[in-house]
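Trainee: Let's see this in three dimensions:
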Amino acid sequence: MKAIKYLITVIAITAMMSVTAQETQKESNQNPFGLVYGGAITENVKGKVNINPVTYKIKDIAISANVYTPANYDPAKSYPAIVVAHPNGGVKEQVAGLYAQRLAEQGYIAITADAAYQGGSGGTPRVVDKPANRIEDIHGMADFISQYKGVDTASIGLLGICGGGGYSLKAVQSDKRFKAIATLSMFNSGEVRRNGFMNSQVATIQERLKRASDARALEAKEGKVQYVFPDSNPPTDEQIAKMPFELYREGAIYYGRTHKHPNSSGNYTLSSLLDLMTWDANTNTDLIDQPLLMIVGSKADTKYMTDEVFEKAINAKTKELFLIDGATHIQTYWKPEYVLQAVNKLVKFYQTNL
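Mentor: From the prediction side, this is the model:
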């Protein structure tokens, strides 16, 4: 039982510690925009890529977002745009911001926003993690960027990273404003919350649904919110070493140390499991008729999730599975040689399809 409870509460996110990553974190602590990735913008300089913090609302919830504009941006001109959806527990200042900036450096307007109830965005209780909300966040980014000066609304693409990849696959099934969809290290949140990572918790599905149901009942009756991680203390080196999967070990380091951000939380409300465990990125994939690119590291222990979706996306206009040789899941989040490979592939894909 103790082992089951531990697996439920482990954060399914990743990255590798190195001297370079430690230096990146030290430098990013001073970043005026709160960015915590290597090579991040530190000031807006005329003629170069700029970052523009913006806010807008989805229903009554204030959304915090960053729009990256390309060098020599002219609002009177027309640019393709990319919406970037961040990982589970992540925020716009981490890997989503890194890829948004790199795409802006290649001539795209890019937007990445904190999910509602998470990061710098509004919404209570905090860190609600429901698929419907995350999908609506993606539609909301499309709403906002479609009205941004200089955006060619006929050339909007989507990039979903980790959990944001799973939600992006859902968003494009109905939202045909997105002319092309790419995922990086895609994570199927519903499948993992239901079955456990690598199907390690199938035997406890009903037990965990009961716990989530009880948590919802407590919220309704007493207004008390329970969280999947009651103890939010960061794991020690010894605890990290004992984590059962590489995804979790690397994730604890990336999110908790090398690329830590105060708004980033791997926690979420226990009642969210009612929605997460009955959802799956793998359903209705036949509705995806846009060009599809799925990027994943050859050594990523999450690769099986990308493989499952890729096989079922039978109506995609075109589809390609691109392996980054030697990369684990979140090494694709920060390791320069892997990021470069991913960005180069993304640019070629968007140039062809937008």
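
Trainee: all helices for the stretch 151-300 of the chain, in order.
Mentor: 163-174, 189-195, 205-222, 237-241, 246-253, 273-276 (DSSP state H, counting those that start in this stretch).

Trainee: what's the distance between the nearest residue to Gly120 once chain neighbours are set aside and Lys92?
Mentor: Of all residues beyond its chain neighbours, the one nearest Gly120 is Ser64 (3.6 Å), with distances taken as CB to CB, 6 or more residues apart in numbering. Where you see a C-beta, it was placed from the backbone N, CA and C, and this is true even at glycine. Ser64 sits 7 Å away from Lys92, taking CB to CB, to the nearest Å as the criterion.

Trainee: on that earlier part again, for the residue nearest to Gly120, what are its contacts?
Mentor: 53, 55, 92, 113-114, 119-121 (CB atoms under 8 Å, 6 or more residues apart in numbering).

Trainee: at 10 Å what do you get?
Mentor: 53-56, 91-92, 113-116, 118-122, 263 (CB atoms under 10 Å, 6 or more residues apart in numbering).

Trainee: what are the bridge partners for it, then?
Mentor: Beta-bridge pairing for Ser64 (DSSP bridges): Thr55.

Trainee: per-residue confidence for Asp231?
Mentor: Asp231 carries a pLDDT value of 77.

Trainee: separation between the residue nearest to Gly120 and Leu247?
Mentor: If you go by CB to CB, the gap between Ser64 and Leu247 works out to 27 Å.

Trainee: Then Thr318?
Mentor: 29 Å.

Trainee: which of the two has more neighbours?
Mentor: Leu247 (27 against 12; other CB atoms under 10 Å).

Trainee: what's the neighbour count on the residue nearest to Thr183 when sequence neighbours are not counted?
Mentor: Distances taken as CB to CB, 6+ apart place Gly165 nearest to Thr183, at 3.5 Å, with adjacent residues excluded. Gly165: 30 surrounding residues under other CB under 10 Å.

Trainee: Restricting the selection to alpha carbons, write stretch 308-323 to PDB.
Mentor: Only the C-alpha atoms of stretch 308-323 are listed here, as PDB (Å, rounded to 0.1, in the frame of the first residue of the first chain):
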ATOM      1  CA  GLU A 308       0.400   4.600 -29.400                       C
ATOM      2  CA  VAL A 309      -1.000   7.900 -30.700                       C
ATOM      3  CA  PHE A 310       1.100   8.000 -33.800                       C
ATOM      4  CA  GLU A 311      -0.300   4.600 -34.900                       C
ATOM      5  CA  LYS A 312      -3.900   5.700 -34.400                       C
ATOM      6  CA  ALA A 313      -3.700   9.000 -36.200                       C
ATOM      7  CA  ILE A 314      -4.800   7.400 -39.400                       C
ATOM      8  CA  ASN A 315      -6.300  10.500 -41.000                       C
ATOM      9  CA  ALA A 316      -3.500  13.000 -40.500                       C
ATOM     10  CA  LYS A 317      -2.800  14.800 -43.700                       C
ATOM     11  CA  THR A 318       0.800  13.700 -43.300                       C
ATOM     12  CA  LYS A 319       2.500  12.200 -40.200                       C
ATOM     13  CA  GLU A 320       6.100  11.700 -39.200                       C
ATOM     14  CA  LEU A 321       7.700  10.300 -36.100                       C
ATOM     15  CA  PHE A 322      11.100  11.900 -35.400                       C
ATOM     16  CA  LEU A 323      13.500  10.300 -33.000                       C
END
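
Trainee: Pull out the buried positions in that stretch.
Mentor: Of all the residues in stretch 308-323, those buried under the rule 16 or more other CB atoms under 10 Å are 308-310, 312-313, 316, 319, 322-323.

Trainee: Same check on stretch 232-249?
Mentor: 235, 240, 243, 245-249.

Trainee: same deal with stretch 44-55?
Mentor: 49-51.

Trainee: List the ones among those that fall in strands.
Mentor: 50-51 (DSSP state E).

Trainee: any chance of the buried residues of stretch 44-55 in TSV, plus pLDDT and distance to Glu43?
Mentor: Shown next, in TSV, are these (pLDDT from 0 to 100; distance: CB to CB, whole Å):
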residue	pLDDT	distance to Glu43
Val49	98	11
Asn50	98	9
Ile51	98	9
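
Trainee: Let me know the closest of the buried residues of stretch 44-55 to Gln106.
Mentor: Nearest to Gln106 among the buried residues of stretch 44-55 is Val49, at 9.6 Å by CB to CB.

Trainee: can you pull the contacts of the closest one?
Mentor: Residues in contact with Val49 (CB under 10 Å, 6+ apart) are 41, 68-73, 100-107, 110.

Trainee: Go again with 6 Å.
Mentor: 71, 104-105 (CB atoms under 6 Å, 6 or more residues apart in numbering).

Trainee: thinking again about what came up before, where's the residue nearest to Gly120 relative to Pro125, distance?
Mentor: Counting by CB to CB, the gap from Ser64 to Pro125 is 17 Å.
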